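# Any chance you could fold what I've pasted below:
(chains A, B, C and D)
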2 protein chains.
Amino acid sequence: MNIGKAAKLSNLTVKTVRYYADIGLVKPLKNCSTGYRDFSDDDLAQLQFVAKARKFNFSIQECGELLSLYSDKNRSSKEVKALTLEKISEIDAKLIELKDLRRQLSFLANNCQGNDRPECPILDELSNA
Amino acid sequence: MNIGKAAKLSNLTVKTVRYYADIGLVKPLKNCSTGYRDFSDDDLAQLQFVAKARKFNFSIQECGELLSLYSDKNRSSKEVKALTLEKISEIDAKLIELKDLRRQLSFLANNCQGNDRPECPILDELSNA
DNA sequence: ATAAACTCTCCAGTAAGTGGAGTGTAAAGG
DNA sequence: CCTTTACACTCCACTTACTGGAGAGTTTAT
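As a prediction, this is how the structure comes out:
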């Protein structure tokens, strides 16, 4: 299938699919006469796989690793689980950071009048080292 | 003061401070003979302001806006509050997304044996479009 | 036959820096 | 006074994961 169809079926943009092909994450055949990329069903499956993994916050590099494990019929689930657990703890750290951020910002906003006068605890706080 | 001291006192790296000066976010004087940047106390305050605002997930552009509101003695707190509230709802959206992500990943990890055999619900799930 | 829709390559840019090379300057020790 | 060390400078390239556009070729529909 052409890139447009592959993109649609994997919920990616054409540009993104082309980019994935350029960096060798997927390897569609190329029609010699037209230069058009030709995506097999397997290529499509890989694109769908990557699309999902990216949503799961796996980096492109990790997607590549997962993809090779995925393609390897003898891959062990150990490696995949390890990668996943690592991701989870990264997410946990991010969650803590974001929650703290939210708490602080919300405190500032609650104490700000939001009128036309220049008094503003948000700026006061930010300007305190 | 020199860039090293300004960096230390604002908890930024020298590289980052130089970058902020390059893009005009802060405007230290320059010693003509040595080429060294000279940061005034006011420049330092702005760096500290930016360092904090960046931690609060404000973009460089937004930092610039905040900085001009901050410098303008006649600024209203309304604009600042609006920007802050916007940031908070962005953070909320990100929190929801991350929590959902974590839930899904954690479900997958819990159902994965993590042994050397190829059965792995994580890959199974990822390969389902 | 022509127009719309699709595809291609190549170049440039995004955000917010980081890293390194090569060079010049300042402060401290001997 | 000299040398070593720490600090400063500029400039260029690289990072992540794409996105946008120009200009050109191809396929499909009318």
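# can you give me the mean pLDDT across stretch A:105-119?
Averaging pLDDT along stretch A:105-119 gives 74.
# Can you name the helix or strand that the residue nearest to A:L83 when sequence neighbours are not counted falls in?
In space, and not counting its chain neighbours, A:L83 is closest to A:E62: 6.4 Å by CB to CB, 6 or more residues apart in numbering or on different chains. Quick note: C-beta positions are derived from backbone N, CA and C, even for glycine. For A:E62, the host element (DSSP states H and E) is helix A:60-71.
# Would you agree the residue nearest to A:L83 is in contact with A:A53?
Yes - contact criterion CB atoms under 8 Å: A:E62 and A:A53 qualify, at 7.3 Å.
# of the two, who's got more company?
A:A53 (25 against 16; other CB atoms under 10 Å in any protein chain shown).
# hang on, the earlier thing: does the helix holding A:E62 reach DNA strand C?
No - using CB under 7 Å from any atom of the strand, helix A:60-71 stays clear of DNA strand C, coming no nearer than 13.5 Å.
# What residue, apart from its backbone neighbours, is nearest the residue nearest the centre of chain A spatially?
Note on chain A: the residue nearest the mean C-alpha position is A:R54, at 3.6 Å, using CA atoms, centre = their mean. Spatial nearest neighbour of A:R54, chain neighbours left out: A:C63 (6.4 Å); criterion: CB to CB, 6+ apart.
# Likewise for A:D38?
Counting by CB to CB, 6+ apart, A:D38 lies nearest to A:L29, which is 4.5 Å off, once chain neighbours are set aside.
# go on, A:E65?
Of all residues not flanking A:E65 in the chain, A:L83 sits nearest, at 7.1 Å (CB to CB, 6+ apart).
# Secondary structure element holding that neighbour?
A:L83 belongs to helix A:77-110 when assigned by DSSP H and E.
# is DNA strand C contacted by that helix?
No - on the criterion CB under 7 Å from any atom of the strand, helix A:77-110 is out of touch with DNA strand C, staying 14.3 Å away.
# ok, now which ones touch A:L44?
The contact partners of A:L44, by CB atoms under 8 Å, 6 or more residues apart in numbering or on different chains, come to A:1, A:6, A:9-10.
# touching DNA strand D at all, the helix or strand it falls within?
Using DSSP H and E, A:L44 sits within helix A:41-55. Yes - residues of helix A:41-55 contacting DNA strand D under CB under 7 Å from any atom of the strand: A:R54.
# Burial check on the spatially closest residue to A:I23 that is not a sequence neighbour, number of neighbours?
Spatially, and ignoring its direct neighbours in sequence, A:I23 is nearest to A:I60 (7.3 Å; CB to CB, 6+ apart). Applying other CB under 10 Å, we find 14 residues neighbouring A:I60.
# how about the residues of chain A near DNA strand D?
Counting by CB under 7 Å from any atom of the strand, chain A sits next to DNA strand D at A:13, A:15-16, A:19, A:31, A:33-36, A:54, A:59-61.
# 10 Å instead, please
Residues of chain A lying near DNA strand D by CB under 10 Å from any atom of the strand: A:2, A:7, A:12-20, A:22-23, A:25, A:31, A:33-36, A:50-51, A:53-55, A:57-64.
# Weed out the non-buried ones from those residues.
A:7, A:12, A:16-17, A:20, A:25, A:50-51, A:53-54, A:57-58, A:62-64 (16 or more other CB atoms under 10 Å in any protein chain shown).
# Would you tell me which one of these comes nearest to DNA strand C?
Comparing these against DNA strand C with CB to the nearest atom of the strand picks out A:A7 as the nearest, at 7.0 Å.
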